[in-house]
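**Student:** How does the following fold in three dimensions:
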Amino acid sequence: MRATAQVLVEVIDQARDELLAMTYAARPYPALTRALTEATARGVRTHVVVETLAGARGLLCGREPAEAFASVPGVRLWHWAREGAAHVRSRQHAKLAVADRRTLFLGSANLTESVSRRNIEAGVLVRGGEAPRRAAEHVVELQRLGILRPMA
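**Tutor:** You can find the predicted model right below:
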């Protein structure tokens, strides 16, 4: 058992080629910002999918979640581009991080300071096997299909 933030930083630190992450809410958090900055500096292709205030339709407040990554050079930010009335109540609520398609952290934690300071969160760390590869392939396919789109 470890703190969620510790596990997220560990996954980010292990990435050498590719890091894919998804979160609903995000706020600047120095430990995660530092780990992401170091990852991009060593050439890791880093993609983060976030919810938007518009997509959350009032369930998130304050600054856009994407702003949590504004100080991290090289991070590619994505969002779910909902279309049509069928998605009015939908949310991008996934919370995961995949490093090099070999390590997957899947859990309840958003990328916020609350992860380590206030909340009780749970997650599963998977090393090797099919799950990390398939999770990464799913995110990449959503990007390819235009379901996930780059932030403007």
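
**Student:** Residue 17 contacts residue 39, correct?
**Tutor:** No - using CB atoms under 8 Å, residue 17 makes no contact with residue 39, being 10.2 Å away. For the C-beta atoms, the positions are set from N, CA and C on the backbone; glycine is no exception.

**Student:** So the two - more neighbours on which side?
**Tutor:** residue 39 (24 against 12; other CB atoms under 10 Å).

**Student:** Can you give me the pLDDT of that one?
**Tutor:** Per-residue confidence at residue 39 stands at 98 (pLDDT).

**Student:** same check, this time on residue 83
**Tutor:** 72.

**Student:** likewise the one 5 residues further on?
**Tutor:** The model reports residue 88 with a pLDDT of 68.

**Student:** try residue 15
**Tutor:** At residue 15, pLDDT is 98.

**Student:** How about it, nearest residue that isn't a chain neighbour?
**Tutor:** Of all residues not flanking residue 15 in the chain, residue 99 sits nearest, at 3.9 Å (CB to CB, 6 or more residues apart in numbering).

**Student:** show me what contacts that neighbour?
**Tutor:** 11-12, 14-16, 18-19, 132 (CB atoms under 8 Å, 6 or more residues apart in numbering).

**Student:** Now, of those, which are buried?
**Tutor:** Among these, those classed as buried by 16 or more other CB atoms under 10 Å are 11-12, 14-15, 18-19, 132.

**Student:** These: which two are farthest apart?
**Tutor:** 12 and 132 (14.0 Å; CB to CB).
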